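Participant: Test case, fold it:
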Amino acid sequence: QVQLVESGGGLVQAGGSLRLSCAASGRTLTVDHTGWFRQAPGKEREFVGAMSRSGDSISFASSVEDRFTISRDNTKNTVYLQMNSLKPEDTGVYFCAAALGLRVGSTSRPGFYDYWGQGTQVTVSS
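Facilitator: Prediction:
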């Protein structure tokens, strides 16, 4: 079992920045990839970015790749999503997700992941 807790969400004006954290507990050594997704009201959950445990594999959705970065501190079992130049369309609930063990597949698909956090709300005002 792996437990994930997101934090750092809030209300920010367009052009501002936020840093989200995803703290993992439990069998954290088995986590191979951590992903970030978001869901706006009335829309499907969409991929934001993902990072492997080693850090040698990082990917982003095209809509955020020039504004968001992902980093991790394995000593704290925490993955961060730094969001810069935020836009109103970035508004939504942001979830982190963990995939255990080595696997083949696309990190952009929700089905790639085994555990999910409860999410943190990000609201960007215009």
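Participant: host element of the most centrally placed residue in the chain?
Facilitator: With distances taken as Cα atoms, centre = their mean, the residue of the chain nearest its centroid is W36 (2.1 Å). Counting by DSSP states H and E, the secondary-structure element that holds W36 is strand 31-39.
Participant: hmm, who's touching whichever helix or strand comes after that strand?
Facilitator: Moving toward the C-terminus from strand 31-39, the next helix or strand (DSSP H and E) is strand 46-52. Strand 46-52 has contacts (Cβ atoms under 8 Å, 6 or more residues apart in numbering) with 32-39, 57-61, 64-65, 68, 70-72, 79, 81, 94, 107-110. C-beta: built from backbone N, CA, C; applies to glycine.
Participant: follow-up on the earlier one: mind listing what the strand holding W36 pairs with, with the direction of each?
Facilitator: Within its sheet, strand 31-39 is paired with strand 46-52 (antiparallel), strand 92-100 (antiparallel), according to DSSP bridges.
Participant: mind giving me CSV with those and columns for distance to S21 and mean pLDDT?
Facilitator: As requested, those are exported to CSV (distance: least, Cβ to Cβ, whole Å; pLDDT from 0 to 100):
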stretch, distance to S21, mean pLDDT
strand 46-52, 13, 96
strand 92-100, 9, 97
